[in-house]
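Visitor: got a predicted structure plus its sequence, pasted below:
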Amino acid sequence: MRSLFYKKIQELKGVGEKRARLFAKLGAPTVGALLRFYPRAYEDWSNPIPIQQAPLDVPCAIRGTVLERPSETRIRGGMTLYKVKITDGDSDMELTYFNNPYIPLMLKEGEEYLFYGKVKANFLKREMSAPQFCSASDCPAVHPIYPLTKGLSGRMIESAVKNAFALLPDAMQDPIPEDIRMQYGLCQLRYALENIHRPRSMEDLGIARKRLVFEELLVLQLGLLRLKGRSRTESRLRLPRDDSAEYFALLPFEPTGAQRRAVKEAVGDMMSGYPMNRLIQGDVGSGKTAVAAALCYCAVRSGMQAALMAPTEILARQHFATLSGLLKGVRTVLLTGSLTAAKKRAISESLQSGEIQLVIGTHAILSEGIAFQRLGLVITDEQHRFGVSQRAALASKGDDPHMLVMSATPIPRTLALMIYGDLDLSVLDEMPPGRQKVDTYAVTGDKRLRAFRFIKKQIDAGRQCYIICPMIEEGPNDMASVNEYAVKTRKEWLPGCKIGVLHGKMKPKEKEAVMTDFSEGRISVLISTTVVEVGMDVPNATVMMIENAERYGLSQLHQLRGRVGRGTDKSICILISDAQNEDTVARLKTMCQTNDGFRIAEQDLKLRGPGDFFGHRQHGLPELKIADMTQDMNVLKQAQAVAREILRTDADLKAPSHRGLRAEVRQLFENKTD
Ligand SMILES: Nc1ncnc2c1ncn2[C@@H]1O[C@H](COP(=O)(O)OP(=O)(O)OP(=O)(O)O)[C@@H](O)[C@H]1O
């Protein structure tokens, strides 16, 4: 196979210099590259449909016999029209072709053919315009559709591919080692290539595709893992046993299946003898904190220390409150930037002596003075706010501790795996029981008073409400500001209600006091900037009203909306915006239509592109030829596990059985051949 890679495409029969340039333009300058130039789609000709039952305007195959010699008529503009009458035995149909003098030679009277195209109905007649065709006796069941370029037709590519196969040796070197092929039920390379280009059936195409997708993702994962230099060394922090059942018994609720699964996967990692590197992804409110707590519990029970790092002080405080409640008996401290130097020193001392078992905090945990006795587990919340280097800084405080990243931002899984190829993934794809869909309404500002009437009713019923404004103070633009809004709400909109204000410029102590008042029900309406965006958990809050909703991205709106609907009461999200541009209207409409964070993130991704989604454009990842990140997730997971296993024993892919993979990795990542 390798030598084929070098063979210029001109060496194929029927490919001259000019055509070779066109192939090169499509990314296939060599015979090897042509074999890896996969069709972009397929036409299924295997189930011809009777003429009368054919769906209209949808491509389909029809089997028919030519009734009489095609007629030829000259029409306006020097064009020639060919008409062909066919029958399937029950019904007739007319086919039309323009300017194709070969039609009468190719379509013979009395012979049976398969025709592929769209059927149209014209009065009482059915017809097809310029369908493709081939003789019914030797027609392939599935036809490939290649990406084309001007001057190079599908037939030319098919013929070049056919000639390339003629050059292939019967026994091809296969980059995927045989034992892996067997284990995952993957066909051989030659079979895969033949059936991806010229499938004998849709089933064979599926078999071929499965193997090629696996191979591509395996090579990608091997490359990513090697890039990140994370092939594994044994861990000194092996968890001796699984104490999660004991923890689950402490919970005031029954964990969901997804929570149990995630805990099991992570505990399995920690018991494996290698450091854990796992990403837990769950939509807003899916219960990630309970999973984090389970792992802290298990780590602490076996004599390790654990650290949980949150992106904001508010969130750190909230996690501290939740975890200290859940993990009674575990010696836990809160470490944030607002502590005095003396307090920080005292905490560091008790971390070094091993007296403290669990520390929860902000990036203050990273500061130089903080050291641990035996840091075994590091959990970071919201990976991409921290960045890989900060994660590494925390890891360096221990002896290669187990790492868990929790992400509430629903990065499409596919993208997460592409980018964090070094992390295993657990997805919390199940909501705690009793959750109801949050009904979302997008309205203009003139409906604000009505919205307040609704809020008033909710407050009277004992519920609470968030109102989000983009600004803290009134500015030159007419955007809603927290301070001004609070004055109006107190005076005009909700007189007599207990109203609190929260924004990033307040002192940590003030913020904490407001948060505590809100979560303990002493405040009914919290008027806030987006500081509440991530992680706030007050299940009694049932209304989220967002002013100037046009200011926010879809994922951010979804995060904000996720602050309600966390209990069993029906919750509502009201998006207020007077912006009428198409983009805003489309975005707000998406919010009203779905509550599924992953769908929203995909949509966001579509609207903004992956670069913007993460705040920078390029990830430098190689382009995939066949794997589709929206449907091949399971294969990606398998490929990741296999890649890790391979690198564990052969980090440089030097073993003879891995040579083929090594060559593919170099080809994909460095554009080099061995
Ligand atoms: N299995 C469960 N059954 C019932 N309630 C649960 C369950 N798991 C978690 N909860 C509750 O659901 C709420 C949300 O949980 P949690 O805060 O862990 O979600 P999260 O995934 O961190 O959400 P977010 O990303 O929005 O912060 C909490 O009030 C928590 O107590």
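Guide: On my side now, so go ahead. Numbering: from 1, shown residues only.

Visitor: how far does the strand or helix carrying Val378 sit from the chain's center?
Guide: Using DSSP states H and E, Val378 sits within strand 375-381. Distance, stretch centre to chain centre, for strand 375-381: 24 Å (Cα atoms, centre = their mean, to the nearest Å).

Visitor: note down every partner strand of that strand and its orientation.
Guide: strand 305-309 (parallel), strand 402-407 (parallel) (DSSP bridges).

Visitor: any idea which of these is most buried?
Guide: Mean neighbour count, computed with mean count of other Cβ atoms under 10 Å, is highest for strand 305-309 among those, reaching a mean of 27. To be clear about C-beta, it is placed using only N, CA and C from the backbone, and glycine gets the same treatment.

Visitor: near the ligand, anything from it?
Guide: No. Strand 305-309 does not reach the ligand (Cβ under 6 Å from any ligand atom); its nearest approach is 11.8 Å.

Visitor: report pLDDT for the closest residue to Ile468 other than its chain neighbours.
Guide: If the residues on either side of it in the chain are set aside, Ile468 comes closest to Ile546, at 4.6 Å by Cβ to Cβ, 6 or more residues apart in numbering. Ile546 is assigned a pLDDT of 96 by the prediction.

Visitor: you'd agree Ile546 is up against Val564?
Guide: No. Applying Cβ atoms under 8 Å as the test, Ile546 and Val564 come out as separate, 11.0 Å apart.

Visitor: list the residues that are in contact with both of the two.
Guide: Common neighbours of Ile546 and Val564 are listed as Cys573 (criterion: Cβ atoms under 8 Å, 6 or more residues apart in numbering).

Visitor: quick check: mean pLDDT across the biggest helix by length in the chain?
Guide: Secondary structure of the chain per DSSP state H: the longest helix is helix 202-227. Average pLDDT, helix 202-227: 90.

Visitor: and that helix, what's buried?
Guide: 204-205, 207-226 (16 or more other Cβ atoms under 10 Å).

Visitor: still on that earlier bit, any chance of the strands paired with strand 375-381 in TSV, with mean pLDDT too?
Guide: Formatted as TSV, those follow (pLDDT from 0 to 100):
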stretch	mean pLDDT
strand 305-309	94
strand 402-407	86
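
Visitor: for the residue in the stretch 51-200 of the chain positioned nearest to the ligand, phi and psi?
Guide: For the stretch 51-200 of the chain and the ligand, the shortest gap (Cβ to the nearest ligand atom) falls at Tyr184, measuring 32.4 Å. Backbone geometry at Tyr184, expressed as degrees, to the nearest 10, gives phi -100, psi 10.

Visitor: helix, strand, or coil at Cys134?
Guide: strand (DSSP: H, G, I helix; E, B strand; the rest coil).

Visitor: once you drop chain neighbours, what's closest to it?
Guide: Cys134's closest residue in space is Leu114 (Cβ to Cβ, 6+ apart), at 5.9 Å.

Visitor: surely that neighbour and Glu43 touch.
Guide: No. Between Leu114 and Glu43 there is no contact under Cβ under 8 Å: 10.5 Å.

Visitor: contact residues of the stretch 551-674 of the chain facing the ligand?
Guide: So the stretch 551-674 of the chain meets the ligand at 562, 566 (Cβ under 6 Å from any ligand atom).

Visitor: can you give me the helices for the stretch 551-674 of the chain?
Guide: Residue ranges of the helices in the stretch 551-674 of the chain, as given by DSSP state H, counting those that start in this stretch, are 554-561, 582-593, 597-614, 633-649, 659-670.

Visitor: contacts for the strand holding Val378?
Guide: 237, 239, 270, 276, 292, 295-296, 299, 302, 304-311, 315, 319, 386, 390-391, 394-395, 397-399, 401-406, 408, 534-535.

Visitor: can I get the buried part of those residues as one ChimeraX selection?
Guide: The ChimeraX selection below is limited to those of the contacts of strand 375-381 classed as buried (16+ other Cβ under 10 Å):
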select :237,239,270,276,292,295,296,299,302,304,305,306,307,308,309,310,311,315,319,386,390,391,394,395,397,398,401,402,403,404,405,406,408,534,535
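
Visitor: which of the contacts of strand 375-381 fall within strands?
Guide: 305-309, 402-406 (DSSP state E).

Visitor: how far out from the middle of the chain is the helix or strand harbouring Thr322?
Guide: In the assignment (DSSP H and E), Thr322 maps to helix 313-326. Distance of helix 313-326 from its chain centroid, counting by Cα atoms, centre = their mean, is 29 Å.

Visitor: near the ligand, which residues of this structure are found?
Guide: So the chain meets the ligand at 253-256, 259, 282, 284-290, 408, 432, 535, 537, 539, 562, 566 (Cβ under 6 Å from any ligand atom).

Visitor: need the buried ones from the residues you listed selected in PyMOL.
Guide: Listed next is the PyMOL selection for buried residues among the residues of the chain next to the ligand, using 16+ other Cβ under 10 Å:
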select buried, resi 255+256+259+282+284+285+286+287+288+289+290+408+432+535+537+539+562+566
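
Visitor: export the helices of the stretch 551-674 of the chain to a markdown table and append columns for mean neighbour count.
Guide: Listed next are these as a markdown table, based on neighbours: other Cβ atoms under 10 Å:
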| stretch | mean neighbour count |
| --- | --- |
| helix 554-561 | 24 |
| helix 582-593 | 16 |
| helix 597-614 | 18 |
| helix 633-649 | 18 |
| helix 659-670 | 20 |
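
Visitor: make TSV out of those helices and add mean pLDDT.
Guide: Listed next are those as TSV, based on pLDDT from 0 to 100:
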stretch	mean pLDDT
helix 554-561	88
helix 582-593	89
helix 597-614	64
helix 633-649	88
helix 659-670	82
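
Visitor: name the residues of the longest strand along the chain that are buried.
Guide: For the chain, the strand that runs over the most residues, judged by DSSP E, is strand 112-122. Buried residues in strand 112-122, defined by neighbour count with 16+ other Cβ under 10 Å: 112-119.

Visitor: farthest-apart pair in those residues, please.
Guide: Pairwise distances across those peak at 20.8 Å for Glu112 and Lys118 (criterion: Cβ to Cβ).

Visitor: surely Asp174 meets Arg659?
Guide: No. Using Cβ under 8 Å, Asp174 is not in contact with Arg659; the gap is 11.1 Å.

Visitor: shared neighbours of the two, anything?
Guide: Common contact partners of Asp174 and Arg659 (Cβ under 8 Å, 6+ apart): none.

Visitor: OK, contacts around the closest residue to Arg69 other than its chain neighbours?
Guide: In space, and not counting its chain neighbours, Arg69 is closest to Glu109: 5.1 Å by Cβ to Cβ, 6+ apart. The neighbours of Glu109, taking Cβ under 8 Å, 6+ apart as the test, are 66-69.

Visitor: list buried residues within those.
Guide: The neighbour-count test (16+ other Cβ under 10 Å) applied to the contacts of Glu109 identifies Val66 as buried.

Visitor: need the contacts of Glu109 in CSV with pLDDT, can you?
Guide: CSV is the format used below for these (pLDDT from 0 to 100):
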residue, pLDDT
Val66, 96
Leu67, 95
Glu68, 91
Arg69, 91
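
Visitor: in strands only, show me the contacts of Glu109.
Guide: Val66.

Visitor: need the max-distance pair from the contacts of Glu109.
Guide: Most distant of these, by Cβ to Cβ, are Leu67 and Arg69, 9.2 Å apart.

Visitor: lowest-confidence helix or strand of the chain?
Guide: Every helix and strand in the chain was compared by mean pLDDT, DSSP states H and E; the lowest is helix 383-386, with a mean of 50.
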